[in-house]
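**Student:** Would you be able to build a 3D model of this:
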Amino acid sequence: MKFIVGAQLPFALSKLLKKKGFDVIHTDDLPNKELLLITK
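**Tutor:** Below is the predicted model of the structure:
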């Protein structure tokens, strides 16, 4: 399962989820901080 951790949540949460085996990205890690559109 893939997750995007929002800016209002701590960066440590994304690290924890990665350790647990989830595919995670924190909004601070996005290449550009503009609106992200995710399509299936």
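
**Student:** worst-scoring helix or strand of the chain, pLDDT-wise?
**Tutor:** Lowest mean confidence among the helices and strands of the chain (mean pLDDT, DSSP states H and E): strand 2-5, at a mean of 91.

**Student:** what packs against it?
**Tutor:** On a contact count with 3 or more C-beta pairs under 8 Å, 6 or more residues apart in numbering; DSSP states H and E, strand 2-5 meets helix 11-19, strand 23-26. All C-beta spots, glycine's among them, are computed from the backbone N, C-alpha and C.

**Student:** Now it: buried residues?
**Tutor:** Residues of strand 2-5 classed as buried: residue 5 (neighbour count, 16 or more other C-beta atoms under 10 Å).

**Student:** Tell me the gap between that strand and the middle of its chain.
**Tutor:** 4 Å (C-alpha atoms, centre = their mean, to the nearest Å).

**Student:** again, but for stretch 21-31
**Tutor:** 3 Å.

**Student:** Name the residues of that stretch that are buried.
**Tutor:** So stretch 21-31, judged by 16+ other C-beta under 10 Å, has buried residues 24, 26.

**Student:** Please export the C-alpha coordinates of it as CSV.
**Tutor:** Once non-C-alpha atoms are left out, stretch 21-31 reads as follows in CSV (Å, rounded to 0.1, in the frame of the first residue of the first chain):
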residue,chain,number,x,y,z
GLY,A,21,7.6,-2.0,4.9
PHE,A,22,5.1,0.5,3.5
ASP,A,23,5.8,2.6,0.4
VAL,A,24,5.8,6.1,1.9
ILE,A,25,6.7,9.6,0.8
HIS,A,26,6.5,12.7,3.0
THR,A,27,5.4,16.0,1.3
ASP,A,28,8.7,17.5,2.2
ASP,A,29,10.4,14.9,0.0
LEU,A,30,8.4,15.8,-3.1
PRO,A,31,10.4,17.3,-5.9
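
**Student:** which regions of this structure sit below the pLDDT cut-off?
**Tutor:** When residues are selected by pLDDT under 70, those of the chain lie in 32-40.
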